[in-house]
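1. Give me coordinates for this.
(chains A and B)
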There are 2 protein chains.
Amino acid sequence: MTEKPAIGITTGCPCGIGPEIVSKAINDERVLSICRPVVFGKPLLYKEGRGEVESLPHPTLPLQRGGISPCECGAISMSAVDDAVRAVMTGEVEAIVTAPINKSHWKAAGSPFPGHTEYLASVSGAKNVAMMMVSPRLKIVLVTTHLALTDVPQNITFDKICYAVRLTDSFLKDNLRTHALTHSRTSIVICALNPHAGDGGTFGDEEERIIIPAIKQLQNEGLNVSGPYPADTVFWKATQGEFDAVVAMYHDQALIPIKTLDFKDTVNVTLGLPFVRTSPDHGTAEDIAGKGIADHHNMVRAIEMAVELTRRTKCHK
Amino acid sequence: MTEKPAIGITTGCPCGIGPEIVSKAINDERVLSICRPVVFGKPLLYKEGRGEVESLPHPTLPLQRGGISPCECGAISMSAVDDAVRAVMTGEVEAIVTAPINKSHWKAAGSPFPGHTEYLASVSGAKNVAMMMVSPRLKIVLVTTHLALTDVPQNITFDKICYAVRLTDSFLKDNLRTHALTHSRTSIVICALNPHAGDGGTFGDEEERIIIPAIKQLQNEGLNVSGPYPADTVFWKATQGEFDAVVAMYHDQALIPIKTLDFKDTVNVTLGLPFVRTSPDHGTAEDIAGKGIADHHNMVRAIEMAVELTRRTKCHK
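-> Just a heads-up that it's a prediction; the model follows:
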């Protein structure tokens, strides 16, 4: 039997449920049976600093909280990510899983990066990254992420679509080669931006002007890409096995179908980094932080996904 | 046992699958056991003109098609709708179910109305109508319908939100009073326009400027309304019974979750008309028209929904 991989897990912002769900996850048999979790961050729950899970006692409830400023909070979670990145870049851990942060706390702590993805891209030197949401039934990659709806159309570009699709294609081909995920093939479908895919230009022309030319370019590169398909039917078709991944144009177009179908089992995977990074698909949930009631199921899913994907990384070596 | 209601069914544009699915549906035991279907339109499948189902033979395949211009096609389907409206307004039938039309054929035939909903509102004198999508797990009402995504934000107004919610509330209260639909209560939730409901103004301000004031107005009127909730999680919550209906801001925000979950069982209901009108949630599917392979399941669902809703109408009398 192969050795269990070491997975770096950050505890996220101490103001939120990150420390609690990490603490619960690293004591969960589903996690312990597949990896050696290595925790980065100030857990607040069990002890100061960082340590291997073996050295951590079970969490002691009620949880310790309070007395921490947004700036301190952001500094703690940023420093944990720094440590985790160093560990994954040096091979000390094989993947990282990040607990949620409060973006405004990173800002308060002086970070120029709005979130994990941008920061990880910068420190790892990745040129293009993309956010992929993975659930048991869907894999969806986003062309744009956190934008007001009114800003979405002008941010859909030929280049962004091409980058997102190429990263998706690489991901699927890696899975195909290594069987990291089951049923992996490489058929990618691209969502339209407008309802009914614009209905021949009646409702918007971004399909004609931007998306179709990008699809033609990608097909010329030999990629198995189709679209643009109306977004209201494409996800159902993907769940029926018609496509292996869907490339969506904006946040809610991607997140609505996957969370409506698989609310508790959707995990975030960053494509384009030189290492595996996953995260749970929820926020800091500060309204329930410190109460001991946070559900760590999604964190377990993120860790399971990270372990699955490290198998792929190993095949590369 | 009460007499089975007469349901008017139009055959839609003859260029599409409408005549075929109507023909199959009116010979389907699921339909015949609950209503007396009355067909309006030029079926092409069985005979010219209009007739009670009892007088119609089973459809004769292969279907007759071809030789019909867009203008003729639109004129046929418009005239069928005219006849059906006359029948429902005079009480000859108790509800109407419309098969899909090709909107460009209505235009070719000189109609100033883009589709059924607008035409039915006009001829019935309805001041405000709204499109509701109903599936076994969700009821979703749309504030805006067929618009380019770039035009959506400027079309979200205080008044439109209020009208949509008031129509939704009336619909739910009618159901509650008459038990036309099971598990009907009257809790309505309103979707945010922007991801994360704008995250406190970080991604768009329509929530603060328009949606929240509308919600306050509606709450002052005594309606059971909450929101705005992030659209990526609200539909899952609605499927768990947390809300009875969701009011969505734009086409794909509403259609993505309901079709991803219940692709074959989603039906369109027009709110605000003085009569019951439902329709299948698909188009003319001209690529498969005339081949005899169209699935009439969704048409059956639309007829079943119309029958359920006529019970409510009767209680009003």
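
2. Show me the shaky parts of the stretch 51-200 of chain A.
-> A:51-67, A:177-185 (pLDDT under 70).

3. which parts of it sit against chain B?
-> A:146-153, A:193-196, A:198-199 (Cβ under 8 Å from any Cβ of the partner chain). (Glycine included, C-beta is placed from N, CA and C.)

4. can you map out the strands along the stretch 201-317 of chain A?
-> With DSSP state E, counting those that start in this stretch as the definition, the stretch 201-317 of chain A shows strands at residue ranges A:225-229, A:245-248, A:267-271, A:276-280.

5. Can you give the contact residues for the second one?
-> The reference is to strand A:245-248. The set of residues external to strand A:245-248 that reach it, using Cβ atoms under 8 Å, 6 or more residues apart in numbering or on different chains, is A:132, A:138-143, A:161, A:164-165, A:168, A:171-172, A:187-191, A:227, A:231, A:234-235, A:238, A:254.

6. A:Phe158 - nearest residue in space that isn't next to it in sequence?
-> Of all residues beyond its chain neighbours, the one nearest A:Phe158 is A:Ala214 (4.9 Å), with distances taken as Cβ to Cβ, 6 or more residues apart in numbering or on different chains.

7. Which per-residue confidence value corresponds to the one you found?
-> pLDDT, A:Ala214: 98.

8. In this structure it contacts A:Cys162, no?
-> Yes. In this structure, A:Ala214 is within contact of A:Cys162 by Cβ atoms under 8 Å, at 5.5 Å.

9. quick revisit: now go through the residues of the stretch 51-200 of chain A next to chain B and say which are in helices.
-> Using DSSP state H, the members of those that fall in helices are A:Val152, A:Pro153.

10. are any of the residues of the stretch 51-200 of chain A next to chain B buried, and which?
-> A:146-150, A:152-153, A:193-196, A:198-199 (16 or more other Cβ atoms under 10 Å in any protein chain shown).

11. pLDDT wise, what is the nearest residue to A:Ile288 once chain neighbours are set aside at?
-> Computed as Cβ to Cβ, 6+ apart, the closest residue to A:Ile288 that is not its neighbour in sequence is A:Ala294, at 5.9 Å. pLDDT for A:Ala294: 91.

12. and A:Ala294, what does it touch?
-> A:Ala294 sits in contact with A:Ile17, A:Glu20, A:Ile21, A:Lys24, A:Ala285, A:Ile288, where contact means Cβ under 8 Å, 6+ apart.

13. Likewise for A:Phe40?
-> A:Gly8, A:Ile9, A:Thr10, A:Thr11, A:Arg50, A:Ala80, A:Val81, A:Asp83, A:Ala84, A:Ala87.

14. A:Asn298 now?
-> A:Ile21, A:Lys264, A:Asp265, A:Thr266, A:Val267, A:Pro280, A:Asp281, A:His282.

15. Correct me if wrong: the fourth one contacts A:Ser135.
-> Which is A:Thr266. Yes. Using Cβ under 8 Å, A:Thr266 makes contact with A:Ser135 at a distance of 4.4 Å.

16. wait, doesn't A:Gly272 sit right on A:Leu120?
-> No. Taking contacts as Cβ under 8 Å, A:Gly272 lies outside contact range of A:Leu120: 9.5 Å.

17. Identify the contacts common to those two.
-> Contacts common to A:Gly272 and A:Leu120, judged by Cβ under 8 Å, 6+ apart, are A:Ala126, A:Val129.

18. Which one's more surrounded, those two?
-> A:Leu120 (24 against 21; other Cβ atoms under 10 Å in any protein chain shown).

19. distance of the more buried one from B:Val165?
-> 42 Å (Cβ to Cβ, to the nearest Å).

20. Walking through the stretch 1-150 of chain A, point out its strands one by one.
-> Under DSSP E, counting those that start in this stretch, the stretch 1-150 of chain A gives strands at A:6-10, A:36-40, A:51-52, A:95-98, A:130-134, A:139-142.

21. Can you tell me which of these is most buried?
-> strand A:95-98 (a mean of 29; mean count of other Cβ atoms under 10 Å in any protein chain shown).

22. Give the residue farthest from the middle of chain A.
-> A:Thr202 (35.0 Å; Cα atoms, centre = their mean).

23. residues in contact with it?
-> Counted by Cβ under 8 Å, 6+ apart, A:Thr202 has contacts A:His196, B:His146.

24. same check, this time on the one 10 residues further on
-> Taking Cβ under 8 Å, 6+ apart, we find A:Ile212 in contact with A:Pro228.

25. Spell out, range by range, the helices that occur in the stretch 151-300 of chain A.
-> Using DSSP state H, counting those that start in this stretch, the helices of the stretch 151-300 of chain A run over residues A:152-155, A:158-178, A:206, A:212-220, A:231-239, A:251-261, A:297-316.

26. With A:Ser104 as the reference, name the closest of the ones you listed.
-> Comparing the helices of the stretch 151-300 of chain A by their distance to A:Ser104 (Cβ to Cβ), the top pick is helix A:251-261, with 18.1 Å.

27. chain center to that closest one, what's the gap?
-> Put simply, helix A:251-261 sits 14 Å off its chain's centre (Cα atoms, centre = their mean, to the nearest Å).

28. got it, and stretch A:168-176?
-> That offset, for stretch A:168-176, works out to 16 Å (Cα atoms, centre = their mean).

29. Please point out which parts of that stretch sit buried.
-> Neighbour-count burial for stretch A:168-176 [16+ other Cβ under 10 Å]: A:Thr168, A:Asp169, A:Phe171, A:Leu172, A:Asp174, A:Asn175.

30. can I get the CA coordinates of that stretch in PDB?
-> C-alpha atoms of stretch A:168-176 as PDB (Å, rounded to 0.1, in the frame of the first residue of the first chain):
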ATOM      1  CA  THR A 168     -10.100  22.700 -18.200                       C
ATOM      2  CA  ASP A 169      -8.800  20.500 -21.100                       C
ATOM      3  CA  SER A 170      -5.400  20.000 -19.300                       C
ATOM      4  CA  PHE A 171      -7.200  19.100 -16.100                       C
ATOM      5  CA  LEU A 172      -9.500  16.600 -17.900                       C
ATOM      6  CA  LYS A 173      -6.600  15.000 -19.800                       C
ATOM      7  CA  ASP A 174      -4.600  14.600 -16.600                       C
ATOM      8  CA  ASN A 175      -7.500  12.800 -15.100                       C
ATOM      9  CA  LEU A 176      -7.900  10.700 -18.100                       C
END
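
31. Using the record's assignment, carve chain A into domains.
-> By the assignment in automatic domain parsing, chain A contains the domains A:1-126+A:273-317, A:128-271.

32. A:Ile68 versus the closest residue to A:Gly125 other than its chain neighbours, what's the distance?
-> In this structure, A:Gly125 finds its nearest non-sequential neighbour in A:Pro274, 7.6 Å apart by Cβ to Cβ, 6+ apart. A:Pro274 sits 33 Å away from A:Ile68, going by Cβ to Cβ.

33. These two: which has the busier surroundings?
-> Shown here are A:Pro274 and A:Ile68; by other Cβ under 10 Å, A:Ile68 has more neighbours (17 against 12).

34. hang on, that one packs against A:Gly16?
-> No. A:Ile68 is beyond contact range of A:Gly16, at 11.1 Å (criterion: Cβ under 8 Å).

35. who's in contact with A:Arg86?
-> A:Glu92.

36. nope, A:Leu147 is what I meant
-> A:Asn155, A:Tyr250, A:His251, B:Pro195, B:Phe203.

37. Buried ones among those?
-> A:Tyr250, A:His251, B:Pro195, B:Phe203.
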